[in-house]
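Undergrad: coordinates only, no sequence provided:
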C-alpha cells in the first residue's frame, strides 16, 4: 500500500525523525494561510499524488506549472496551489494520463548544504532489511545503482535489534558528514529503521535527505509503502489508503479476491495461479498478441469470482478476445466449466472466448462446455490457445 | 532415493482442524502419504480423517514420531507455527499459507538457518516424491515416478511443467514449490545441491519468475557445481516494471529482476532455457539429449 508524502512525514514526525514544518491544504485560500502560518520568507508548494517525478512533472494544459514550486508570498502560494488543485499532473511515473491533485503540501523552506539519498527495503538476497545511503541525493537511485554503484553504501539490520549506533556512524563516515552531524545523523537513521520495522514498511525512502549548513539532517521528501500482508495489524495505516489513487478495475478485482493488473493490449486473460498467469501473458506475446491484463483467479475460484473476473475483463473497451487458461489442480475443471457458463450467461459475451482446460476432471469439464450454448473456442494446449486467441483478436 | 521426503516420511499437519487443513490432509492420505498427526492448539484428543490431534508439535513428535510438517494455519499465526515445528526438531517444514508478513519471515529465516530443519515456503504448493509422499496441495495424479527433479517458485505453472514432463515420458524424482514470497526458507541453490547429490535425479527443471535475483545466483551455482543437465523457464517476460504480478515476490523493481536478465544469466551458465511455457517438457529432453543421458 502506498501513502502520500504528507502522511509519511506525519508518521516520521511522530517517530522523532526530523522533517520540515508543513501544512496540507485543499484550497488556494488555505495555501495562502499556510504560508503566513509557517512565517518564513519562502515556502515550497508540493502536489500530493502517488507518483514520483513531481518536481519535473507539469500540469496538463498548463505546461508552465510544475508539481513542486518555491513561493515567496501567501499570494504566490495561493496561485500555485490554484494551478495544481483539481488538475492533472503528468510526471514520468504517472503515464500520459496524469493524476488529479487533490491536496497540496505547503512546507517551510530550508537551507541546504548537501542533498543525500537514504532508503530502506527488505533485501531478499540478504534476507533482512537494509539501510542504503548515497551521496547522490535528489536523483533516481536506480540511475546511481546502474552508473556508479560504488557510491551506494549498505547496512543490513536485524528487525528486532534495529540499526546499531556504530552502523549509523559508519554510514555517516561513508557520506563524509562532518563530525558535528553525528548527534543528528545517528538518531535520524536509527529512528527511521525503527519506523520501518514498527510499521511493517516495504519501502521507506528519503530523497533528498538534506544536510543543513549546521550539519543537521532533515527529510525533505518522504516515500513510504507498506506490506499489504501486514496491514491487519495496523488499522491506523489502513485508514491512510487513498482509493482515488488506485486503478478502479484493480480495486474491484481486489474486493472479489482476484489479483488483477491492467495492461495496454487487447487480449483479456483469465488464469488460475500467478506463475501460470504471467506465462499466459508471455505466450500470447510470443505468438504476436498483446495481453490486456494479468488476472489470477486463485486456486479456489467460485462462480461469483469467475463472473466478476469476466465483468472486469469485458469492462475494458480494448479487449477484443479473451483467453481462459485453467490448470485444475485442487480446483476441478468441472467447477470452472460450470462457472464459465454461468458467468457467460450473466455477463454476456461480445468478444470471442478461447478456453484451455487441463487437470482434474478435464474430460467432464470439456464435455460441459461442449454441451453448453455458450460460444467457446476450445484449445488443446497452451500453444494452441495462444494461436487461437491471437487470431481471434485480429 | 529422492530428496527431502519419501515413503518413510511421517507427516504432521499444523492447522489440521481447519477447513483447508482437513481437506488437504485427506488429499495427502489418499495419495498414500503417511499423515500420522495433526496439531491445533486447544483441540487435543480430536481426530480428523482418522488422524489424532495434539495441542503442541512437541507432543505430536513424542507420540507419533512425525518428522515432517505441513502448515495450513492463517497468515498471522504462520511464523509461530514454523518456529514451533523447528523447535520440536521437525526435519522438513512446509508452509503452504499465503500472505505472511515479510518481516515475520526475516525472523523465522534466521531461526531456521541456525537449526537443522529445512523450511519450504511459505506461499507454496508443497512438495512431492511421486508414488511415495505428497505434502501440500499439489494434484498428485499428474506426477509420475522418474528421474527429473523439479524446482519452482510457482504453483499452477509447476503443474503445467510436470504435466508436460509426464506427457513426454519423463517422470520426476521430487518436485518442490519454493513459494512466491520475497523471503522463503529454501532457495534454488539449496535444492540444486540436493538434486546434484541425489542418485535418482538425472536432470533438473527449474522454473523461475520475475523479481529478485535468485535465478541469477542459481545460474552461477549451476555453472560451478551442477554436472547434471538443467533446463529452465522464466515467467513474466511481458510483465511491466513496478507492478506486482500476484506473488509478493514477483515485481520488477529498481531495474532488477527482469526476465531478460535472468534468461541471459541462465544461458550464460549453459542452461537450456525454454522460450515458451509450452516448451518446458521438451526443454528438459533437449538438455538431457545434449548431455547424452537420453
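TA: Cool, got the structure. Remember, predicted model here, so these are calculated numbers, not experimental data.

Undergrad: beta partners of the residue sitting nearest the centre point of chain B?
TA: The centroid of chain B falls nearest to residue B:177 when counting by C-alpha atoms, centre = their mean (2.5 Å). Applying DSSP bridges to residue B:177 gives these bridge partners: residue B:152.

Undergrad: quick one: is the top helix by length along chain A near chain B?
TA: The residue-count maximum for a helix in chain A (DSSP state H) belongs to helix A:182-198. Yes: judged by C-beta under 8 Å from any C-beta of the partner chain, helix A:182-198 comes into contact with chain B through residue A:197. Any C-beta I mention is one placed from the backbone N, CA and C, and that applies to glycine too.

Undergrad: against which helices or strands is that helix packed?
TA: Helix A:182-198 is packed against helix A:5-14, strand A:114-123, strand A:128-134, helix A:165-174, strand A:201-211, strand A:217-219, with contacts defined by 3 or more C-beta pairs under 8 Å, 6 or more residues apart in numbering or on different chains; DSSP states H and E.

Undergrad: swap the cut-off to 6 Å and go again
TA: When contacts are defined as 3 or more C-beta pairs under 6 Å, 6 or more residues apart in numbering or on different chains; DSSP states H and E, helix A:182-198 packs onto helix A:165-174, strand A:217-219.

Undergrad: list the contacts of the first one.
TA: Defining contact as C-beta atoms under 6 Å, 6 or more residues apart in numbering or on different chains, one finds that helix A:165-174 is touched by A:133, A:153, A:155, A:182, A:185, A:186, A:189, A:190.

Undergrad: mind checking how far it is from the chain centre?
TA: Mean-position distance between helix A:165-174 and its chain equals 31 Å (C-alpha atoms, centre = their mean, to the nearest Å).

Undergrad: got the buried residues for it?
TA: For helix A:165-174, a neighbour-count test (16 or more other C-beta atoms under 10 Å in any protein chain shown) marks A:167, A:168, A:171, A:172, A:174 as buried.

Undergrad: do the same with the last one
TA: Neighbour-count burial for strand A:217-219 flags A:217, A:218, A:219 (criterion: 16+ other C-beta under 10 Å).

Undergrad: gap between the first one and residue A:115?
TA: Plainly put, residue A:217 is 11 Å away from residue A:115 if you go by C-beta to C-beta, to the nearest Å.

Undergrad: now do the helices in the stretch 1-150 of chain A.
TA: For the stretch 1-150 of chain A, the helices defined by DSSP state H, counting those that start in this stretch occupy A:5-14, A:28-38, A:74-84, A:141-147.

Undergrad: pLDDT of the shortest one, averaged?
TA: Average pLDDT, helix A:141-147: 78.

Undergrad: tell me the contacts of residue A:156?
TA: Here residue A:156 is in contact with A:126, A:128, A:130 (C-beta under 6 Å, 6+ apart).

Undergrad: beta partners of it?
TA: In this structure, residue A:156 bridges to residue A:130 when assessed by DSSP bridges.

Undergrad: does chain A have contacts with stretch B:11-18?
TA: No: with C-beta under 6 Å from any C-beta of the partner chain as the criterion, chain A is not reached by stretch B:11-18; the gap is at least 13.7 Å.

Undergrad: how far away from the center of its chain is that stretch?
TA: Relative to the chain's own centre, stretch B:11-18 is displaced by 18 Å; criterion: C-alpha atoms, centre = their mean.

Undergrad: what does chain A have sitting close to chain B?
TA: Within chain A, the positions adjacent to chain B are A:122, A:124-125, A:127-128, A:142, A:159, A:200, A:227, A:229-230, A:259, A:261, A:272-276, A:278-279, A:281-283, A:285-286, A:294, A:296, A:327, A:329-330, A:360, A:382-383 by C-beta under 6 Å from any C-beta.

Undergrad: which of these count as buried?
TA: A:122, A:124, A:127-128, A:159, A:200, A:227, A:229-230, A:259, A:261, A:272-276, A:278-279, A:281-283, A:285-286, A:294, A:296, A:327, A:329-330, A:360, A:382-383.

Undergrad: what about residue B:264, which SS state?
TA: What DSSP: H, G, I helix; E, B strand; the rest coil gives for residue B:264 is helix.

Undergrad: any idea how far it is from residue B:219?
TA: Separation of residue B:264 from residue B:219 (C-beta to C-beta): 9 Å.

Undergrad: kindly report the same for residue A:323.
TA: Taken as C-beta to C-beta, the span from residue A:323 to residue B:219 is 31 Å.

Undergrad: who's more crowded, the two?
TA: More neighbours surround residue A:323 than the other of residue A:323 and residue B:219, with 32 against 27 (other C-beta atoms under 10 Å in any protein chain shown).

Undergrad: tell me which element the closest residue to that one other than its chain neighbours falls in.
TA: Once flanking residues are discounted, residue A:323 sits nearest to residue A:389: 4.1 Å by C-beta to C-beta, 6 or more residues apart in numbering or on different chains. Using DSSP states H and E, residue A:389 maps to helix A:382-393.

Undergrad: mind giving me the packing neighbours of that helix?
TA: Other elements packing on helix A:382-393 under the criterion 3+ C-beta pairs under 6 Å, 6+ apart are helix A:274-286, strand A:321-328, strand A:353-359, strand A:377-379.

Undergrad: one more pass at 8 Å, please.
TA: Contacting helix A:382-393 under the criterion 3+ C-beta pairs under 8 Å, 6+ apart are the following elements: strand A:267-271, helix A:274-286, strand A:321-328, strand A:353-359, strand A:377-379.

Undergrad: that helix to strand A:353-359, inter-axis angle?
TA: Here helix A:382-393 points in a direction 170 degrees away from that of strand A:353-359 (axes from the mean of the first three to the mean of the last three C-alpha atoms, to 10 degrees).

Undergrad: in helix A:382-393, what's buried?
TA: For helix A:382-393, by 16+ other C-beta under 10 Å, it's A:382, A:383, A:385, A:386, A:387, A:388, A:389, A:390, A:392, A:393.

Undergrad: was I right about the third one contacting residue A:356?
TA: Spelled out, that is residue A:385. Yes: using C-beta atoms under 8 Å, residue A:385 is in contact with residue A:356, at 3.8 Å.

Undergrad: need the residues touching each of those two.
TA: A:323, A:325, A:379 (C-beta atoms under 8 Å, 6 or more residues apart in numbering or on different chains).

Undergrad: where does chain A have its least confident helix or strand?
TA: Scoring the helices and strands of chain A by mean pLDDT, DSSP states H and E places helix A:141-147 at the bottom, with a mean of 78.

Undergrad: how far out from the middle of the chain is it?
TA: Relative to the chain's own centre, helix A:141-147 is displaced by 20 Å; criterion: C-alpha atoms, centre = their mean.

Undergrad: I'd say residue A:351 and residue A:319 touch.
TA: Yes: counting by C-beta under 8 Å, residue A:319 is a contact partner of residue A:351 at 6.1 Å.

Undergrad: show me which of those two is the more surrounded one.
TA: Higher neighbour count among residue A:351 and residue A:319: residue A:319, with 20 against 15, using other C-beta under 10 Å.

Undergrad: residues touching the more buried one, list them.
TA: Contacts here follow C-beta under 8 Å, 6+ apart; on that basis residue A:319 touches A:266, A:267, A:268, A:292, A:313, A:351.

Undergrad: the nearest residue to it once chain neighbours are set aside: neighbour count?
TA: Of all residues beyond its chain neighbours, the one nearest residue A:319 is residue A:268 (4.3 Å), with distances taken as C-beta to C-beta, 6+ apart. Neighbour count of residue A:268, defined by other C-beta under 10 Å: 28.

Undergrad: could you report the neighbour count for whatever residue of the stretch 51-200 of chain B ends up closest to chain A?
TA: Per C-beta to the nearest C-beta, residue B:154 is where the stretch 51-200 of chain B lies closest to chain A, at 2.5 Å. A total of 30 residues lie near residue B:154 under the criterion other C-beta under 10 Å.

Undergrad: and residue A:4, by the same measure?
TA: For residue A:4, the neighbour count with other C-beta under 10 Å is 23.
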